[in-house]
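# my questions are about this predicted structure, shown below with the sequence.
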Amino acid sequence: MARLAAILAAAMVMAGLASATEQQKVLVLLDSPSLEASHSAFLAGLRSRGYELDVKPIDDKSLQLKSWDEWLYDKLLILGSSKALGGAIDAAQVVEFVDAGRDVLLAVDSEVSEELRSLAQDLGVDVDARGNAMIDHFGYDLHLGAQDHAAVLADNVVKSAAVLPKALPTPVLFRGIGLSVAAESETAFVALGGSPTAYCGKPGAAMTDAKLAGPGMGLVALVQMRNNARVAVAGSLHMFSDAAFQAEATTRENRILGRTSNEAFCTAISKWAFQEQGVLRASQRSHRVVAGAHPGAVRPERYRINDDVEFSVVIQECADGACQPYRADDVQVELVMLDPHIRTALRHDDNGRFAAQVKLPDVYGVFKWVLEYRRLGYSFIELTETVPIRPFKHNEYERFIVQAYPYYASCASMMAGFLAVGAFFLYTKA
């Protein structure tokens, strides 16, 4: 028993070491030291999810993201405003941080510095000019936005279970600056948008034309990079604060809607940005010959034209540390040589395995299996594998081919004619 207890204690220690090793470090940069107290609930939520937070002033001269060629942090959280980045950190290094596959959550406000605006633009999100604010004369909160109408109740959220697994019961309280993403962008999208009556401008000043207005204006934008790194850009620092989490949403008609959904929304956004939900994992990719030159051969060196083959892959959706079989009817695979020769849908078995059987084309050459899956809010899946396809060998053709019967008949008729003419000359007297 003593020996068993010692073994269990050692196992627990090793498990503790493993969990400590897996704990991810987050560098938190604050525009003001007071933000650590005013946004304590949001930061506490990150700690409760297992992150190790290193909180520092945004303009600290000792800041650094990497030492030599080693990144010191896994995630970056910037709660910034008018101050520029300090130390060895600048916009270029943050972009390099993202290019290395790491994640960033950036929150700003109407006093955003030009460096943070430039950083957001480099990451695919445009922040409106400094000094502007999001205004809605019909959708403001009665208690917080009665004077300038700049504290608005926003409910135009993205329709994606990967970002927001559950519907928000009440609007999100937003006070900040507007954002925009390019309409043709393949990586960025708006997670929280403005209402039809919202616009971005100077509070208290009359405007006849606004650069950002209506549902197309973003309040929170998300970016799924091509390397599957993630970026979240929020136009409000206030929406992450304890005050916003505890506020009661009240319409301009003095109708009380209940506590705002800021806490649920900000938690969901941070989970998405830090790869805790909406993550797809592809594994066990395989292809095999069903009928053809080598039936049953798995991932053969080369295929033969017209072989019947099966392509399969296992896809899982990971959220909150657990992975479940992914279910979708729109996953496709292509067999490509310059252009797709085959494109077919993969069917799933409810256990995460997607598969399809196809007949290879009657064309030989160097082909590629290509699976590209991109859906709103989910991480990208891009799989490619080269598969040469050869023609029939000379001894693999049928002895008699139906299509060649006319040629067989012409050869037989020629021989028959030769024999007939020869017999005629041999046995006929002149």
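Happy to help now that I have it.

# and the residue lying closest to Y73 once chain neighbours are set aside, its phi and psi?
Of all residues not flanking Y73 in the chain, L27 sits nearest, at 4.3 Å (C-beta to C-beta, 6 or more residues apart in numbering). Yep, even glycine has a C-beta here, placed from its N, CA and C like the rest. Reported as degrees, to the nearest 10, the phi and psi values for L27 are phi -90, psi 120.

# OK, contacts around L27?
Neighbouring residues of L27 by C-beta atoms under 8 Å, 6 or more residues apart in numbering: 54, 56, 63, 65, 72-73, 75-77.

# neighbour-wise, which of these leads?
When those are compared by neighbour count (other C-beta atoms under 10 Å), L77 ends up highest, at 28 neighbours.

# and the helix or strand where it lies, what other elements does it pack with?
Using DSSP states H and E, L77 sits in strand 75-79. Packing contacts for strand 75-79, counted by 3 or more C-beta pairs under 8 Å, 6 or more residues apart in numbering; DSSP states H and E, involve strand 25-30, strand 103-107.

# could you dump those into TSV and include mean pLDDT and distance to Y397?
Formatted as TSV, those follow (pLDDT from 0 to 100; distance: least, C-beta to C-beta, whole Å):
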stretch	mean pLDDT	distance to Y397
strand 25-30	96	64
strand 103-107	97	57
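
# out of these, which one sits most buried?
strand 103-107 (a mean of 25; mean count of other C-beta atoms under 10 Å).

# and stretch 232-239, what's its mean pLDDT?
What stretch 232-239 shows for mean pLDDT is 96.

# how long is it from one end to the other?
End-to-end span of stretch 232-239 (C-alpha to C-alpha, to the nearest Å): 14 Å.

# what does stretch 31-42 give?
Stretch 31-42: ends 16 Å apart by C-alpha to C-alpha.

# in it, which residues are buried?
Neighbour-count burial for stretch 31-42, counted by 16 or more other C-beta atoms under 10 Å, picks out 31-32, 35, 38-39, 41-42.

# adding secondary structure and pLDDT, write these out as JSON lines.
Shown next, in JSON lines, are the buried residues of stretch 31-42 (DSSP: H, G, I helix; E, B strand; the rest coil; pLDDT from 0 to 100):
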{"residue": "D31", "secondary structure": "coil", "pLDDT": "95"}
{"residue": "S32", "secondary structure": "coil", "pLDDT": "94"}
{"residue": "L35", "secondary structure": "helix", "pLDDT": "95"}
{"residue": "S38", "secondary structure": "helix", "pLDDT": "95"}
{"residue": "H39", "secondary structure": "coil", "pLDDT": "96"}
{"residue": "A41", "secondary structure": "helix", "pLDDT": "96"}
{"residue": "F42", "secondary structure": "helix", "pLDDT": "97"}
